[in-house]
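Peer 1: Quick one: sequence plus predicted model below, questions after.
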Amino acid sequence: MIQDPIFSIHRLRFDENYHPSDRTRLTTNFANLARGESRQENLRNVLRMIDNRFNDLAHWDNPKKDRYTLELEIVSVEMDLSFAGKSGSFPLIEVLYTTIVDINANKRIEGLAGNSFSSYVRDYDFSVLLPSYNKGKSEFSAPHNYGDLHGNLFKSVMESTAYKNNFKKPPVICLSVSTNRTYHRTENRHPVLGVEYEQREFSLTDQYFKKMGMQVRYFMPRNSVAPLAFYFFGDLLSDYSALELISTISVMESFQKVYRPEIYNANSAAADCCQPSLKHQDYSNTRIVYDREERTQLATSQGRYTEEHFIKPYHDILEKWSAGYAG
């Protein structure tokens with residue numbers, strides 16, 4: 001019987017002085033923002049965007065919209081390679097953790113883990129395995145066990161002592177909606193998350209997160225212009241406080257305005273029937289410098305790194321562990 005992996009968690013403050021570490025997965029939004037000549041101005045501007053959006057949504061008892069500020073930490077999860085009889089570790093996933101600072105009450109409030117989500121194995125699955133599997137095929141498809149290993153690794157992290165010792169609640173991950181799906185506005189409206197959208201067929205990303213044990217719902221918060229995809233365990237609407245949800249919205253909507261302005265910084269709000277498109281022309285750019293092409297290239301190079309240093313050398317033992325995983 002193969003032992004379950006052991007994980008370790010490391011935290012790094014994300015502020016205007018942040019520098020990506022050597023082990024950071026460089027395709028993450030926050031790492032990309034922190035490089036180049038404009039790095040410190042980028043960081044200041046995006047942190048200001050986050051605080052402004054948080055205060056806009058947390059408007060009660062907040063007449064000047066300056067009551068709150070968010071502190072962010074990058075949470076890196078590493079997997080001990082001792083399960084394979086090796087020394088060292090492999091950087092598995094990264095998420096963000098929010099802490100809400102109530103300036104008026106002079107207190108700190110725990111936020112949520114999750115928000116952004118980065119994964120070396122996901123880079124391999126989407127940027128190496130899928131293109132290779134579909135090479136020469138006329139119709140796109142995925143292998144029958146696509147995402148199984150990644151999903152089981154993620155669920156194992158969630159059940160680990162390391163995660164439970166660091167965080168009180170399961171994560172909420174907030175991403176852009178798919179550009180190859182159509183979303184329909186419903187009558188359901190949440191006081192924080194906003195109006196709910198639905199779609200008839202899950203995207204490949206939705207299916208991938210389902211293998212991680214997560215459900216998905218799509219909401220467009222007040223004063224937003226497009227729905228966001230929220231991935232979660234349990235009950236999104238009941239398990240989390242208003243301020244916790246606002247922390248996730250303010251962080252990830254700000255990143256998406258920078259990364260996908262065609263959708264999230266459009267000059268008009270999504271219609272009742274919405275098909276997001278990166279070819280949309282009626283949008284505004286932020287003042288934040290972001291190299292989207294570089295991000296795509298890095299996803300491929302880091303997927304190949306994962307293949308060389310994790311998938312290939314440990315393939316057999318990972319497959320056996322995943323096949324027997326009962327989480």
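Peer 2: Looks like it came in fine. Remember, it's a predicted structure, so these values are computed and weren't measured experimentally.
Peer 1: Provide the backbone phi and psi angles at the residue lying closest to Arg260 once chain neighbours are set aside.
Peer 2: Nearest residue to Arg260 in three dimensions, chain neighbours excluded: Ser176, at 5.4 Å (Cβ to Cβ, 6 or more residues apart in numbering). (C-beta placed from N, C-alpha, C; glycine too.) With angles defined as degrees, to the nearest 10, Ser176 sits at phi -70, psi 150.
Peer 1: mind listing what Ser176 touches?
Peer 2: With contact set as Cβ atoms under 8 Å, 6 or more residues apart in numbering, Ser176 has these partners: 228-229, 256, 259-260, 263-264, 276.
Peer 1: Lowest pLDDT pick from the residues you listed?
Peer 2: Lowest in pLDDT among these is Tyr259, which has 88.
Peer 1: Now do that one: how many residues are near it, please.
Peer 2: Using other Cβ atoms under 10 Å, the number of residues around Tyr259 comes to 20.
Peer 1: Can you list the residue ranges for helices in the stretch 101-250 of the chain?
Peer 2: Applying DSSP state H, counting those that start in this stretch to the stretch 101-250 of the chain gives helices spanning 120-124, 130-134, 148-158, 161-166, 204-211, 242-259.
Peer 1: between these, which one is nearest to Tyr68?
Peer 2: The minimum distance between Tyr68 and the helices of the stretch 101-250 of the chain falls on helix 242-259, with 8.0 Å, by Cβ to Cβ.
Peer 1: Beyond that closest one, next helix or strand please.
Peer 2: Going down the chain from helix 242-259, the next helix or strand is helix 261-264, by DSSP states H and E.
Peer 1: Can I get the helix or strand harbouring Asn52 as CSV, trimmed to CA atoms?
Peer 2: Using DSSP H and E, Asn52 sits in helix 39-57. Output of helix 39-57 as CSV, limited to C-alpha atoms (Å, rounded to 0.1, in the frame of the first residue of the first chain):
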residue,chain,number,x,y,z
ARG,A,39,6.5,46.2,-11.0
GLN,A,40,6.0,48.4,-7.9
GLU,A,41,3.6,50.8,-9.6
ASN,A,42,1.7,47.7,-10.9
LEU,A,43,1.5,46.3,-7.4
ARG,A,44,0.4,49.5,-5.8
ASN,A,45,-2.3,50.1,-8.4
VAL,A,46,-3.8,46.6,-8.2
LEU,A,47,-3.8,46.6,-4.4
ARG,A,48,-5.6,50.0,-4.6
MET,A,49,-8.1,48.5,-7.0
ILE,A,50,-8.7,45.6,-4.6
ASP,A,51,-9.3,47.9,-1.6
ASN,A,52,-11.6,50.2,-3.6
ARG,A,53,-13.7,47.4,-4.8
PHE,A,54,-13.9,45.8,-1.4
ASN,A,55,-15.2,49.1,0.1
ASP,A,56,-17.6,49.5,-2.7
LEU,A,57,-19.2,46.2,-2.0
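Peer 1: quick one, the helix or strand following it and helix 39-57 angle?
Peer 2: Sequence order places strand 68-80 as the next helix or strand after helix 39-57, per DSSP H and E. Going by axes from the mean of the first three to the mean of the last three Cα atoms, to 10 degrees, strand 68-80 is angled at 120 degrees with respect to helix 39-57.
Peer 1: Packing partners of strand 68-80?
Peer 2: Counting by 3 or more Cβ pairs under 8 Å, 6 or more residues apart in numbering; DSSP states H and E, the packing neighbours recorded for strand 68-80 are strand 7-14, helix 39-57, strand 89-102, strand 107-119, helix 161-166, helix 242-259.
Peer 1: Note down every partner strand of it and its orientation.
Peer 2: Sheet pairing of strand 68-80 (DSSP bridges) gives strand 7-14 (antiparallel), strand 89-102 (antiparallel).
Peer 1: re the thing from before, helices or strands next to the helix holding Asn52 in the packing?
Peer 2: helix 29-33, strand 68-80, helix 242-259.
Peer 1: which helices and strands does the last one pack with?
Peer 2: This points to helix 242-259. helix 29-33, helix 39-57, strand 68-80, strand 89-102, strand 107-119, strand 172-176, strand 228-232, helix 261-264.
Peer 1: Return the fifth one as CSV; C-alpha atoms alone will do.
Peer 2: The C-alpha coordinates for strand 107-119 follow below in CSV (Å, rounded to 0.1, in the frame of the first residue of the first chain):
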residue,chain,number,x,y,z
LYS,A,107,-9.4,44.7,14.2
ARG,A,108,-8.4,42.0,11.8
ILE,A,109,-10.9,39.5,10.3
GLU,A,110,-9.9,36.2,8.7
GLY,A,111,-10.8,36.0,5.1
LEU,A,112,-10.6,33.0,2.7
ALA,A,113,-8.1,30.7,1.2
GLY,A,114,-8.4,30.1,-2.5
ASN,A,115,-9.3,33.1,-4.6
SER,A,116,-6.7,32.6,-7.4
PHE,A,117,-5.5,29.1,-8.1
SER,A,118,-2.3,27.9,-9.7
SER,A,119,-1.0,24.4,-10.2
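Peer 1: Can you give the strand pairings for it, parallel or anti for each?
Peer 2: Strand pairing (DSSP bridges) places strand 107-119 next to strand 89-102 (antiparallel), strand 172-176 (parallel).
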